[in-house]
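S.K.: Predicted model and sequence follow; I will ask about them next.
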Amino acid sequence: MVYLSWVLAFITGAAVGSFLNVCICRMPVGKSVIRPPSHCPDCRYRLRIFDLIPILSYLFLKGKCRYCGRRIAWQDPVVELVTGLLFVLALAKYGITFGVLRPVVLFAVIVPATVFDLRYKIIPDELNLAGLVLGVPLMFESKEALFSCVIGFLAGGALLFVIALVSRGGMGGGDIKLAAVLGLLLGWKQLLIALFLAFAAGSVAGMTMLMLKLARLKEPIPFGPYLALGSAFAILAGDKVIKWYLGFCRW
Ligand SMILES: [Zn+2]
């Protein structure tokens, strides 16, 4: 039974990932994510149901359009696979509860945010807004959650805003809004863990890239992927870290 629910969680996640791919392709050019239905951008062939099965269609079609042979971006199956796996982890951690919706919404925000930031160096307002709209009802799980999420929202936005001011443009507006939305979904305790990890991973990666001369000092590095990494860890294992820390303090 447990395995069946994991399989269902994976299928749901992969299907959500498939929709996220549509958002990733259409949002930057201001197209609707609902209409027109999925089609090949080259030959306009309208994709049928068996062209749209997450991951499997890509494998069966060997990564090419059925009609014109145009290469399908490998990002498509990767996003579907990663979202599927993250949904399984969310279910394994939270079970079938109201609380599982928090990681589910969080993953549906951070996966496209990562791709956007890496590909276009932006995190679109529409994505942050969607996270906000989906996240607000989840705050009302309990009085404690409501308090923690409001503080998280304000703290996430304010902290990154200050860093943006101090670093003079080293942090983009999209990152600030994303951090606020993540704070809302994580609550303030998990947000602190997420930010700590994001800055730690970002500094290590940034310094490595500077040493390998892959980046220049003045260039802003996309911070979205590190925020994504930190918040995924925080929502899946943050409670363990907090427990360990509190135990440590009692010593
Ligand atoms: Zn085509």
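M.R.: Yep, that arrived.

S.K.: which stretches of the stretch 1-150 of the chain form helices?
M.R.: All helices of the stretch 1-150 of the chain, identified by DSSP state H, counting those that start in this stretch, fall at 2-26, 56-60, 75-94, 101-120, 125-135, 143-167.

S.K.: Would you format those as CSV with mean neighbour count, mean pLDDT and distance to the ion included?
M.R.: For every residue, glycine as well, the C-beta is placed using N, CA and C. CSV is the format used below for the helices of the stretch 1-150 of the chain (neighbours: other C-beta atoms under 10 Å; pLDDT from 0 to 100; distance: least, C-beta to the ion, whole Å):
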stretch, mean neighbour count, mean pLDDT, distance to the ion
helix 2-26, 18, 94, 14
helix 56-60, 15, 93, 13
helix 75-94, 20, 96, 14
helix 101-120, 22, 95, 21
helix 125-135, 18, 96, 27
helix 143-167, 17, 93, 41
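
S.K.: what residues are up against L197?
M.R.: Counting by C-beta atoms under 8 Å, 6 or more residues apart in numbering, L197 touches 226, 229-230, 233-234.

S.K.: try it again with 7 Å
M.R.: Counting by C-beta atoms under 7 Å, 6 or more residues apart in numbering, L197 touches 229-230, 233.

S.K.: Can you lay out these as a markdown table showing neighbour count, distance to the ion and secondary structure?
M.R.: Putting those into a markdown table (neighbours: other C-beta atoms under 10 Å; distance: C-beta to the ion, whole Å; DSSP: H, G, I helix; E, B strand; the rest coil) gives the following:
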| residue | neighbour count | distance to the ion | secondary structure |
| --- | --- | --- | --- |
| L229 | 18 | 34 | helix |
| G230 | 27 | 38 | helix |
| F233 | 17 | 39 | helix |
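
S.K.: Dump those to JSON lines, plus pLDDT and distance to W6.
M.R.: Formatted as JSON lines, the contacts of L197 follow (pLDDT from 0 to 100; distance: C-beta to C-beta, whole Å):
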{"residue": "L229", "pLDDT": "96", "distance to W6": "23"}
{"residue": "G230", "pLDDT": "97", "distance to W6": "25"}
{"residue": "F233", "pLDDT": "97", "distance to W6": "20"}
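
S.K.: thinking again about what came up before, so can I have CSV of the helices of the stretch 1-150 of the chain showing distance to M211?
M.R.: Shown next, in CSV, are the helices of the stretch 1-150 of the chain (distance: least, C-beta to C-beta, whole Å):
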stretch, distance to M211
helix 2-26, 31
helix 56-60, 36
helix 75-94, 28
helix 101-120, 21
helix 125-135, 32
helix 143-167, 20
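
S.K.: Tell me which of the ones you listed approaches I193 most closely.
M.R.: Closest to I193 of the helices of the stretch 1-150 of the chain is helix 143-167 (C-beta to C-beta; 11.3 Å).

S.K.: mind checking which of the helices of the stretch 1-150 of the chain is nearest K240?
M.R.: Taking C-beta to C-beta, helix 75-94 is the member of these nearest to K240, at 10.3 Å.

S.K.: what about the closest one, distance to the chain center?
M.R.: Its chain's average C-alpha position is 11 Å from that of helix 75-94, according to C-alpha atoms, centre = their mean, to the nearest Å.

S.K.: who's in contact with it?
M.R.: For helix 75-94, contacts defined as C-beta under 7 Å, 6+ apart pick out 5-6, 9-10, 12-14, 16-18, 20-21, 54-55, 58, 100, 103-104, 107, 111, 115, 232, 236.
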